[in-house]
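Student: pasting the sequence and the predicted model now:
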Amino acid sequence: MAVGGKRRWWWERRAAVVAGVTIAVSVWVGSHCYFRRENMAKAEEALVSMCEERARMIQDQFAVSVNHVHALAILISTFYYQKQPPALDQETFAYYTAKTAFERPLLNGVAYAERIIHSQREIFETRQGWTIMTMKREPSPIQDEYAPVIYSQETVSYIEAIDMMSGEEDRENILRARATGKAVLTKPFRLLESNHLGVVLTFPVYRSGLPEDATVEQLVEATAGYLGGAFDVESLVENLLRQLAGNQEITINVYDITNASEPLIMYGPQIPEGYMPLSHVSMLDFGDPFRKHQMHCRYREKPPLPLSAITTPFGIFVIIMLGGYIVFAAKNHYDNVKEDCRKMEELKVQAEAADVAKSQFLATVSHEIRTPMNGVLGMLDMLLDTDLNLTQKDYAQTAQVCGKALISLINEVLDRAKIEAGKLEIEAVPFDLRSILDDVISLFSSKSREKGIELAVFVSDKVPEVVTGDPGRFRQIITNLVGNSVKFTERGHIFVQVLLADNSDLGADGKVYSGLNGLSQSEKVQIMSDCTFDTLSGFEAADTRNNWENFKLLLSDEMFLPEVSTFDKEPDIVTLIVSVEDTGIGIPLRAQDRVFTPFMQADSSTSRNYGGTGIGLSITKCLVELMGGQINFTSRPNVGSTFTFTAVFKRCNKDAIADTKRTLSEALPTGFKGMKAFIVDGKPVRNAVTRYHLKRLGIAVEVANTVKMMLNSLTRQSSNFRAGRQPYIILIEKDSWYTGMDVYLHNQLLLLKQNDCVLELPKVILLVTCEYDKMSTGSLVDTVIIKPLRASTVAACLQQVLGMEKQQKKELSNGPTNLRNLLAGKNILVVDDNKVNLRVAASALKKYGARVECAERGKDALLLLQLPHKFDACFMDVQMPEMDGFEATRQIRLMESKANEQISNGGASREGEDSMIVEWHLPILAMTADVIQATYEECLKCGMDGYVSKPFEEQQLFQAVAKFLVSKPSSDS
């Protein structure tokens with residue numbers, strides 16, 4: 001087989017060589033023929049161009065001469081016939097035509113013959129002194145009319161007294177000329193003196209008064225005479241050819257083709273010469289409508305073949321041969337490379353399969369780990385609800401914190417695995433962005449208080465109240481960024497801003513600053529202590545665009561926002577720019593390129609000093625990109641970092657906004673609208689943040705930099721206060737507070753009340769950043785709010801200070817604190833195959849007063865839910881053996897559908913509800929440890945009403961059940 005394969009390879013090689021040579025020769029022959037055709041085509045184009053050019057020049061020269069003859073005819077008509085006595089004689093005519101002969105280079109001479117009828121012949125001959133002669137120099141015989149030459153140029157003086165109508169050709173020309181009013185030509189003939197071929201031009205001369213639309217009879221009647229001239233056609237053509245280049249290359253013949261069967265030659269040899277295959281015919285128009293003329297052009301010799309027609313095909317032949325050799329030589333190498341590529345492709349497929357298997361394994365294992373961890377956290381939560389001593393409670397809380405940290409790490413690893421496997425999907429549900437930011441701030445409030453740093457959030461009024469997107473992933477991004485900032489910040493502030501992309505100059509373009517690199521630590525501290533910046537805390541921020549000037553422009557724009565809704569005018573897409581600014585340790589320059597690399601941190605000491613795995617920012621970057629945005633950062637070592645990202649959401653319609661507001665877990669109270677507050681704060685950014693939270697409650701806000709300025713403002717506005725617009729609240733930042741301020745402020749407010757400037761003392765609230773500051777506030781302060789500020793926290797404090805708890809109780813009846821009112825006495829069925837999770841879920845629901853029954857399988861749940869049943873809601877696990885939660889829900893909905901159909905047909909109604917027909921629909925909520933968009937869609941598709949995550953969280957549980965269960969009135973409402 002080896003010998004046969006080698007022989008086959010040799011024959012294939014030989015066939016390839018023969019084929020290559022054949023192709024090369026064919027290409028050479030074809031290209032040579034192509035270049036020959038191209039050369040002949042170019043020669044033909046050149047011949048056409050030269051022939052047309054010569055024909056055009058002959059016509060132009062002829063037309064110029066005819067025009068001059070026409071002008072001479074007008075001169076004769078004017079000075080001979082319109083002047084009495086005539087102002088023209090033979091001497092004058094000869095002199096004038098001699099002087100103007102240069103204008104008629106193609107004419108041998110001109111002469112004028114007067115029209116004489118027979119009755120005038122005797123008088124005419126007596127006046128002229130000679131007898132009218134024929135062409136043969138004999139006296140003219142008697143005839144109707146005569147055309148004797150009376151004026152002639154010196155060059156043709158020999159035709160004087162000759163009757164031009166005595167010649168047949170001339171008589172025909174005269175008759176045609178006076179009938180048409182145009183110049184006419186004779187057929188070619190030999191001129192008398194030069195013996196050159198030429199033609200005679202005849203032009204009629206009319207008396208004045210001839211109408212423009214004269215008939216033939218009128219033209220004949222008005223004819224006075226005839227002006228004629230002899231054209232030397234051979235001299236004309238010869239002169240033109242001498243003036244043009246290329247005369248030696250072509251030969252020309254001019255023909256009179258009035259009689260197409262017998263063309264008369266006017267110029268050129270009698271027998272055509274030159275290269276006959278290439279010729280061109282150009283028509284000549286001399287102005288005579290009765291005669292036709294042509295010019296034939298040919299090359300004298302066959303056009304030479306250019307050198308390129310030989311060298312170019314030869315070059316192509318050489319190139320093809322070289323190309324064939326290269327292709328043939330490369331074929332063996334290609335076969336080797338192809339085999340290598342095949343092996344590499346196999347290895348690549350194996351590597352990708354291994355990577356996918358790793359990601360799937362990691363996702364599966366992480367999910368399986370989270371399930372028992374949910375049980376651990378749930379049992380710890382139940383344990384903390386029991387009576388424990390301080391040591392036991394500390395142990396349980398420590399275990400709970402560790403468990404949450406572990407499940408958070410597992411969540412991050414799972415998210416990373418989903419991203420690599422391409423299984424992470426983004427939800428699209430309406431949510432309140434401001435509530436999520438408040439929740440994230442609340443999550444880190446204890447750590448910020450411990451460190452004494454400012455933690456604040458600000459959302460532009462131009463940002464819609466409710467948007468459509470993935471609230472969980474947005475919360476995860478903000479949590480990761482704020483968590484990093486809290487971890488690496490020991491002084492200053494952490495500031496979260498959310499703006500619309502079209503009214504912000506903050507982009508996602510990262511900048512790197514060297515900042516204070518190169519200075520000693522003492523110098524850095526000195527610089528920071530000596531400088532105060534217009535930021536949230538007064539410390540310098542990394543991104544100089546986040547300054548007070550830009551912030552002030554944003555606030556000024558929002559003052560002119562329209563109060564009316566503009567849903568119809570606003571675009572459907574909302575692009576937000578979110579920035580998280582901190583004044584922490586910053587990121588070293590050498591580490592900034594790998595910030596978003598998974599499992600990478602700034603240096604080895606970061607994990608040791610601050611903890612963490614280095615996976616959070618990489619997940620954040622992936623989530624931002626999945627949400628249609630970009631993320632970047634600006635960092636300056638020992639100054640801080642500012643992470644900025646964009647996120648794309650959809651704008652909700654009015655109905656979605658209303659539904660979202662009804663299901664919010666923490667609706668803000670509305671009893672503060674119309675109230676007024678003073679903020680005493682010398683930092684403009686910080687007082688803008690405080691004003692933002694108060695405006696969310698409907699409180700009108702004024703700002704003063706100091707307490708003294710606030711008191712002066714109260715005095716100036718006393719008339720408004722007496723009219724009922726009293727500022728009930730004064731909020732003072734700790735920076736504007738000093739020891740004894742409470743007594744001084746209380747006395748000043750009492751003085752204002754005594755002077756009737758205020759009706760009653762305003763409530764004084766102090767804003768501090770840590771528990772330590774609360775100790776030195778004084779006894780005359782109504783209350784102290786420890787930041788970070790949240791609208792709900794501020795509302796609760798104001799309710800307490802103003803004595804509005806009872807008033808607000810009805811408004812807060814939908815809050816999470818009243819979850820017990822929703823679940824108390826309700827019959828709940830919990831279905832889960834994991835006994836620990838089943839126990840945790842049942843205990844969590846029982847804690848809020850629900851009566852709970854449990855089932856470990858989907859089939860058991862179907863038996864318990866046979867109609868009629870007593871249950872008000874069902875919590876269904878999604879993943880169960882034999883029958884999963886989806887299939888169980890479908891079976892339940894099928895049973896309800898059949899029962900509702902019987903009710904609609906007049907059957908029995910639900911038990912205990914005889915007064916009205918009520919259809920069966922049991923609220924079924926999915927329980928899952930991992931809900932992605934695909935799972936959520938499957939839940940809705942099979943008939944479920946919503947989902948809750950495991951273990952239960954109070955806020956999420958309230959959001960889920962508030963849609964379906966009716967709250968029982970509280971005892972004190």
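Tutor: Now that the structure is in, tell me what you want to look at. Numbers count the residues shown, from 1 in each chain.

Student: got a list of what the nearest residue to residue 157 once chain neighbours are set aside touches?
Tutor: Closest residue to residue 157 apart from its sequence neighbours, by Cβ to Cβ, 6 or more residues apart in numbering: residue 94 at 7.5 Å. C-betas here are computed from N, CA, C, even on glycine. The contact partners of residue 94, taken as Cβ atoms under 8 Å, 6 or more residues apart in numbering, are 151, 152, 153, 154, 157.

Student: and the furthest pair within those residues?
Tutor: Farthest-apart pair in those is 151 and 154; separation 11.2 Å (Cβ to Cβ).

Student: show me the strands in the stretch 201-350 of the chain, by range?
Tutor: Using DSSP state E, counting those that start in this stretch, the strands found in the stretch 201-350 of the chain span residues 223-232, 250-256, 264-267, 275-284, 293-299.

Student: of the ones you listed, which is nearest residue 18?
Tutor: Using Cβ to Cβ, the nearest of the strands of the stretch 201-350 of the chain to residue 18 is strand 275-284, at 37.8 Å.

Student: ok, and for the longest strand seen in the chain, which residues are buried?
Tutor: Counting by DSSP state E, the longest strand found in the chain is strand 640-651. Neighbour counts using 16 or more other Cβ atoms under 10 Å place 640, 641, 642, 643, 644, 645, 646, 647, 649, 650, 651 of strand 640-651 among the buried residues.

Student: format those residues as TSV; extra columns: distance to residue 677 and pLDDT.
Tutor: Shown next, in TSV, are these (distance: Cβ to Cβ, whole Å; pLDDT from 0 to 100):
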residue	distance to residue 677	pLDDT
640	31	92
641	34	93
642	30	93
643	32	94
644	32	94
645	33	94
646	34	94
647	32	93
649	32	93
650	35	91
651	31	88
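
Student: one step back: which one of the strands of the stretch 201-350 of the chain is the most hemmed in?
Tutor: Ranked by mean neighbour count, the strands of the stretch 201-350 of the chain are led by strand 223-232 with a mean of 24 (mean count of other Cβ atoms under 10 Å).

Student: who does it touch, helix- and strand-wise?
Tutor: Packed against strand 223-232 by the contact rule (3 or more Cβ pairs under 8 Å, 6 or more residues apart in numbering; DSSP states H and E) you find helix 2-76, strand 107-114, helix 168-180, strand 197-206.

Student: how far away is residue 211 from residue 76?
Tutor: 21 Å (Cβ to Cβ, to the nearest Å).

Student: can you check residue 758 too?
Tutor: Residue 758 is 122 Å from residue 76, by Cβ to Cβ.

Student: do residue 923 as well
Tutor: For residue 923, the distance to residue 76 - Cβ to Cβ - is 121 Å.

Student: please apply the same query to residue 831.
Tutor: Residue 831 is 128 Å from residue 76, by Cβ to Cβ.

Student: just residue 272 next, same as before
Tutor: Distance, residue 272 to residue 76, using Cβ to Cβ: 42 Å.

Student: looking at those two, which one has more neighbours?
Tutor: residue 76 (19 against 13; other Cβ atoms under 10 Å).

Student: so the more buried one sits against residue 88, correct?
Tutor: Yes: in this structure residue 76 lies within contact range of residue 88 using Cβ atoms under 8 Å: 6.6 Å.

Student: what is in contact with these two at once?
Tutor: residue 151.

Student: which element is the residue of the chain most remote from its centre on?
Tutor: When distances are taken from the C-alpha mean of the chain, residue 126 lies farthest, 101.3 Å away, according to Cα atoms, centre = their mean. If you go by DSSP states H and E, residue 126 is part of helix 121-128.

Student: next structured bit after that helix?
Tutor: strand 145-146.

Student: I'd assumed residue 703 was in contact with residue 713.
Tutor: No: between residue 713 and residue 703 there is no contact under Cβ under 8 Å: 9.6 Å.

Student: which one's more surrounded, these two?
Tutor: Using other Cβ under 10 Å as the criterion, residue 713 and residue 703 rank with residue 703 on top: 19 against 14.

Student: that one contacts residue 687, correct?
Tutor: Yes: here residue 703 reaches residue 687: they are 5.0 Å apart, a contact under Cβ under 8 Å.
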